[in-house]
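Undergrad: Show me the folded form of this:
(chains A and B)
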Amino acid sequence: MLSINFIRENIEFVKERLLIKNFDAEKILSDIIKVDKKRRETQKELDDNLSKANSLAREIGDLFKAGEKEEAEKAKEKTSQLKSQNKDLQKELESLKKEQENLLIQLPNIPHKLVPAGKSEENNEIVYEADIACETAGKAMPHWELATKYDIIDFDLGSKITGSGFPLYKGKGAILQRALIKFFLDKAMEAGYTEYLVPLMVNKDSAFGTGQLPDKDGQMYHIVADNLFAIPTSEVPLTNIFRDVILKEEELPVKCTAYSTCFRREAGSHGKDVRGLNRLHQFDKVEIVQIVKPEESYKVLDEMVDYVKSLLSFFKMPFRISRLCGGDLGFAAAMTYDFEVFSPAQNKWLEISSVSNFESFQANRMKLRYKNDKGANTFAHTLNGSALALPRLIAALMENYQSEKGIIIPEFLIPYTGFEIID
RNA sequence: GGAGAGAUGGCAGAGUGGUCGAUUGCGGCGGUCUUGAAAACCGUUGAGGUGUAACAGCCUCCGGGGGUUCGAAUCCCUCUCUCUCCGCCA
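TA: Residues are numbered from 1 along each chain as shown, chains lettered A, B, ... in the order given. Next up is the predicted model:
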């Protein structure tokens, strides 16, 4: 959420920058300014009235104490009009605040200067491509066939037990999954991240804090009986640890990581790229989150990109990094880098990680602040990234590492899997 | 699920209708003293809004929401959470 003070002072700038995200903010901004003005006027009026009421109450108290009962009773009568007036003002203020909030949360975050304009992923800017050749492009066996051939992932059983998009991993498939999780968590720890094991369901406040609500309402599984949401990523519980928190400056940067299962309804995307592990309702992911000082957030974004790059480099598979254009950028992000790994069987790039700087957008929503060196409370900047999401990585790994003998486990992973080949 | 107790400032912990935004202790910050440090002493120390050139001023906040009253941290209702006991259970 953008802060009202910032908007008030930079309307034209906000309007202009949001066009990069293909968001026409003209109407909503003028509404916000109008409501804001009204809100402040009402606030002032109410405050003045309350001030009067307070001093009257004090006087009445003094009169009672002095034993002047009659005078006191007389003074009481004066308050009734003030009271009813204040009640109305209070109601009005309340509804103005709500109105303002409703408008504010509709505004997406402002994209960073470097974000290219553009409508869709075609306009994303590729900033890095690993220099790794892929000889089997178009000739490799797809991972869903390999899965069956070696009996390590059972999509049909998943469907039987739950439904499509809930695969069941078996034997070496399950172990590979566990090995990767452990590998990624170990690396995150080496890089200074503190590991958490988080709740997989969150309440409304948390879902709102990171921006899942109300923007992506239909994308989360909702447990109605208890009004809880299954997390679409551990970013939600991780970042919400710091909801309504004022950190000390020396506590920054906060670096945390969590492995979790993630749940996504993927409503509206049925039938598109859903084969095999490409798009699932349930999957596993290791996430990294940082909370930093505003002036450092872009340096940290680069660091996080380098970190994810270093992870992917272990696998020696073709991958590339792109900076998302305005049209492809998420609601809450100011800048995002996507990582894609190459699937030789499908002959296409699979998105495997997404690293974003949200600047103060999430922090403002969840009132995440720190005390700066001048003692002033300041919104921190939040960043997060996948490091990494497993299914597509496993898909790419299976396809890239297939051989006549079986799927060869990359050497660095063998200590984690305990086996060298899936056959 | 049943019965009871509780939720106050960074922490501990007073406060049961009228200068209480809140006694006090610890912690933090500033100072005096000291060659330096400790101790001691003095001062200071929450958040949000409004407002100001900047101060000041004013308003709100004692778990959340609602109510009673001229006036509520204090009384009433309700929700959430924590603790103790009982039941059930991985």
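
Undergrad: okay, CA-based contacts and neighbour counts for the rest of this
TA: Will do.

Undergrad: Identify the residues contacting stretch A:63-78?
TA: A:Leu56, A:Ile60, A:Gly61 (C-alpha atoms under 8 Å, 6 or more residues apart in numbering).

Undergrad: Could you list the buried residues of that stretch?
TA: A:Leu63, A:Ala72, A:Ala75 (16 or more other C-alpha atoms under 10 Å).

Undergrad: And stretch A:95-113, by the same measure?
TA: A:Leu96, A:Lys97, A:Glu99, A:Gln100, A:Leu104, A:Ile105, A:Leu107, A:Pro108, A:Asn109, A:Ile110, A:Pro111, A:His112.

Undergrad: What sits closest to A:Leu197 if chain neighbours are left out?
TA: A:Ala258 (5.8 Å; C-alpha to C-alpha, 6 or more residues apart in numbering).

Undergrad: Tell me what the one you found is bridged to.
TA: Beta-bridge partners for A:Ala258, by DSSP bridges, are A:Tyr196, A:Glu287.

Undergrad: Which neighbouring residues are in contact with A:Arg369, exactly?
TA: Residues near A:Arg369 by C-alpha under 8 Å, 6+ apart: A:Asp244, A:Val245, A:Ile246, A:Leu247, A:Ala363, A:Asn377, A:Thr378, A:Phe379, A:Ala380.

Undergrad: rerun at 10 Å
TA: Taking C-alpha atoms under 10 Å, 6 or more residues apart in numbering, we find A:Arg369 in contact with A:242-249, A:291-293, A:360, A:363, A:376-381.

Undergrad: and the closest residue to A:His381 other than its chain neighbours, how far is that from RNA strand B?
TA: Spatially, and ignoring its direct neighbours in sequence, A:His381 is nearest to A:Glu359 (4.4 Å; C-alpha to C-alpha, 6+ apart). Separation of A:Glu359 from RNA strand B (C-alpha to the nearest atom of the strand, to the nearest Å): 17 Å.

Undergrad: Quickly list what A:Glu359 is bridged to.
TA: Counting by DSSP bridges, A:Glu359 is bridged to A:Thr382.

Undergrad: quick one: is stretch A:39-54 near RNA strand B?
TA: Yes: against RNA strand B, stretch A:39-54 shows contacts by C-alpha under 7 Å from any atom of the strand at A:Arg40, A:Glu41, A:Gln43, A:Lys44, A:Leu46, A:Asp47, A:Asp48, A:Leu50, A:Ser51, A:Lys52, A:Ala53, A:Asn54.

Undergrad: what's the closest of those to A:Ser310?
TA: A:Arg40 (50.6 Å; C-alpha to C-alpha).

Undergrad: What number of neighbouring residues does that closest one come out with?
TA: Close neighbours of A:Arg40, defined as other C-alpha atoms under 10 Å, add up to 14.

Undergrad: and it, what is it in contact with?
TA: A:Leu46, A:Leu93, A:Leu96, A:Lys97.

Undergrad: Near RNA strand B, which residues of chain A are found?
TA: A:40-41, A:43-44, A:46-48, A:50-58, A:60-61, A:64, A:76, A:79-80, A:83, A:376-377.

Undergrad: So which of those residues are in helices?
TA: Among those, the members found in helices (DSSP state H) are A:40-41, A:43-44, A:46-48, A:50-58, A:60-61, A:64, A:76, A:79-80, A:83.

Undergrad: ok, of the residues you listed, which come out buried?
TA: By 16+ other C-alpha under 10 Å, those give A:Gln43, A:Leu46, A:Ala53, A:Leu56, A:Ala57, A:Ile60, A:Thr79 as buried.

Undergrad: Just confirm the last one contacts A:Lys52, I think it does.
TA: Yes: counting by C-alpha atoms under 10 Å, A:Lys52 is a contact partner of A:Thr79 at 9.3 Å.

Undergrad: before we move on, back to that, correct me if wrong: the residue nearest to A:His381 contacts A:Thr382.
TA: Yes: A:Glu359 lies in contact with A:Thr382 (C-alpha under 10 Å); the separation is 5.8 Å.

Undergrad: which residues do the two both contact?
TA: A:Ile291, A:Val292, A:Lys293, A:Pro294, A:Ser297, A:Ala333.

Undergrad: Report pLDDT for A:Phe64.
TA: Looking at A:Phe64, its pLDDT reads 83.

Undergrad: The one 10 residues further on now?
TA: Model confidence at A:Lys74, expressed as pLDDT, equals 83.

Undergrad: Give me the phi and psi angles of it.
TA: Backbone torsions of A:Lys74, given as degrees, to the nearest 10, read phi -60, psi -40.

Undergrad: Can you show me the strands along the stretch 51-200 of chain A?
TA: With DSSP state E, counting those that start in this stretch as the definition, the stretch 51-200 of chain A shows strands at residue ranges A:125-129, A:153-154, A:168-169, A:194-196.

Undergrad: Could you export those as a markdown table, including distance to A:Val35 and mean neighbour count?
TA: As requested, the strands of the stretch 51-200 of chain A are arranged in a markdown table below (distance: least, C-alpha to C-alpha, whole Å; neighbours: other C-alpha atoms under 10 Å):
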| stretch | distance to A:Val35 | mean neighbour count |
| --- | --- | --- |
| strand A:125-129 | 39 | 14 |
| strand A:153-154 | 55 | 22 |
| strand A:168-169 | 52 | 18 |
| strand A:194-196 | 42 | 16 |
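
Undergrad: Nice, that's everything, thank you.
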